[in-house]
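>>> Give me the fold of what follows.
(one chain, ligands or ions: 2)
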Amino acid sequence: MLALGKLLELTLAGREPTEKIQLTADGTRLHWLAEGALEVTPPVARDNGRDLLLSAGIHGNETAPIELLDRLVHRIARGELKPASRVLFLLGNPEAMRRGERYLEQDINRLFCGRHEEGSGNEALRASELERLAAAFFAREGRPRLHYDLHTAIRGSKIEQFALYPWASGREHSRDELARLRSAGIDAVLLQSKPGITFSAYTYSQLGAEAFTLELGKARPFGQNQAVNLDRLEAMLQGVISGQEADGAQLDGLQLFAVSREVIKHSDHFRLHLDDAVDNFTELDHGFLLAEDIGGTRWIVEEQGARIIFPNPRVKNGLRAGILVIPTEL
Ligand SMILES: O=C(O)CCC(=O)N[C@@H](CCC(=O)O)C(=O)O
Ligand SMILES: [Zn+2]
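Numbers count the residues shown, from 1 in each chain. Ligands and ions are numbered 1, 2, ... in the order given. Sure thing, here's the model as predicted:
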């Protein structure tokens, strides 16, 4: 295997490859652009015109998706998977990956769309670098742009694998992209309805990519992801990379949700009235007191069919401590 196929190994070891550009026997070019960043370019004769960005490790302890990208990079570097699309692999937060932590000082996934300019520290710098790498990769005109930012969640989930689809003014959510997700085993999609500050929100709203955050199971350390089944996603990604996707993807069975309210933690007095064992997508009863904060702020469930995702009272003040979602249709 080409040495650049060891993207993950090099990144975890904090090492730079001596040779930054290598070619496989079939003419695929691998280019180490920066720590944790590998650009894959097919030979011109095989290029199908699509640009695919795959990111993982934006949260350093979410290892199943990192292992998935590692498998894809290995197959490309061995010449077993022959790309027809350009692909950029990004491992988001290398230092957090090395320490097995979600983040060190700041959650990188709250630092996009300009937020890194207000902050300081290594994670703000890395968010800025990731934006620059993504923007340079997606700079070629006339090529469809696709980004999957792969995550696993802190809690278990009643819907194991789901996506979050960002929002941008004047753009409609794509049925074809939703069908592609369905074919990859994604059971539900949360359709956002306002601007975001995540990596996928950045590539969607500012770079014109079709972009998704994918939640793929529960976060566990490296080597302990046997319970996370990524077979269907892996097959779909290999199809997009090689340009040999199965036809006829359907939306059937895909559950759609809309954000009803984001619960923002305003102060250290914030209290969330949910147990740590409560799964994502748990239904909440009408009238349930979900959270309280300073100044008598109370979040009472008023929506019919409301469910909670990402409840987390330990986020920093000013950040999202949960999302109340409701079923919706396209
Ligand atoms: O399990 C949790 O509470 C968080 C899991 C996670 O990292 N989710 C992403 C979602 C990003 C998005 O809203 O598109 C995040 O919180 O950054
Ligand atoms: Zn995550």
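>>> In three-state terms, label the residue lying closest to Thr198 once chain neighbours are set aside for me.
Nearest residue to Thr198, sequence neighbours excluded (CB to CB, 6 or more residues apart in numbering): Asn109, at 4.9 Å. Bear in mind the C-beta positions are built from the backbone N, C-alpha and C, glycine included. Three-state assignment for Asn109 (DSSP: H, G, I helix; E, B strand; the rest coil): helix.
>>> Let me see the contact set for Asn109.
For Asn109, the contacting residues are 58-59, 197-199, by CB atoms under 8 Å, 6 or more residues apart in numbering.
>>> helix or strand for the nearest residue to Gln206 once chain neighbours are set aside, which one?
Residue nearest to Gln206 in three dimensions, not counting chain neighbours: Cys113, with 6.7 Å by CB to CB, 6+ apart. Using DSSP states H and E, Cys113 sits in no helix or strand.
>>> isn't Cys113 right up against Gly196?
Yes. Counting by CB atoms under 8 Å, Cys113 touches Gly196, with 7.2 Å between them.
>>> shared neighbours of these two, which are they?
Both Cys113 and Gly196 are in contact with Ser205, where contact means CB under 8 Å, 6+ apart.
>>> ok and the residue in the stretch 1-150 of the chain nearest ligand 2?
His59 (3.6 Å; CB to the ion).
>>> Any residue of the worst-scoring helix or strand of the chain on mean pLDDT touching ligand 1?
Within the chain, confidence by mean pLDDT, DSSP states H and E is lowest for helix 115-118 among all helices and strands, at a mean of 91. No. Using CB under 6 Å from any ligand atom, helix 115-118 stays clear of ligand 1, coming no nearer than 12.5 Å.
>>> Show me what that helix is packed against.
Applying 3 or more CB pairs under 8 Å, 6 or more residues apart in numbering; DSSP states H and E, we find helix 115-118 packed against helix 122-137.
>>> Flag every buried residue along the helix or strand following the helix it packs on.
Sequence order places strand 145-153 as the next helix or strand after helix 122-137, per DSSP H and E. By neighbour count with 16 or more other CB atoms under 10 Å, strand 145-153 contains the buried residues 145-153.
>>> Spit out the contact partners of the closest residue to ligand 2 within the stretch 101-250 of the chain.
Ligand 2 sits closest to His151 of the stretch 101-250 of the chain, with a gap of 3.3 Å, by CB to the ion. For His151, the contacting residues are 56, 58-59, 62, 65, 213-216, by CB under 8 Å, 6+ apart.
>>> Just the ones in helices from these, please.
Among these, the members found in helices (DSSP state H) are Pro65.
>>> could the contacts of His151 be laid out in TSV, adding distance to His173 and pLDDT?
Formatted as TSV, the contacts of His151 follow (distance: CB to CB, whole Å; pLDDT from 0 to 100):
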residue	distance to His173	pLDDT
Ala56	23	98
Ile58	22	98
His59	25	98
Glu62	25	98
Pro65	23	98
Thr213	14	98
Leu214	15	98
Glu215	17	98
Leu216	20	98
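>>> could I get the contacts of His151 as JSON lines with distance to ligand 1?
Output for the contacts of His151, formatted as JSON lines (distance: CB to the nearest ligand atom, whole Å):
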{"residue": "Ala56", "distance to ligand 1": "11"}
{"residue": "Ile58", "distance to ligand 1": "7"}
{"residue": "His59", "distance to ligand 1": "5"}
{"residue": "Glu62", "distance to ligand 1": "7"}
{"residue": "Pro65", "distance to ligand 1": "11"}
{"residue": "Thr213", "distance to ligand 1": "3"}
{"residue": "Leu214", "distance to ligand 1": "9"}
{"residue": "Glu215", "distance to ligand 1": "6"}
{"residue": "Leu216", "distance to ligand 1": "10"}
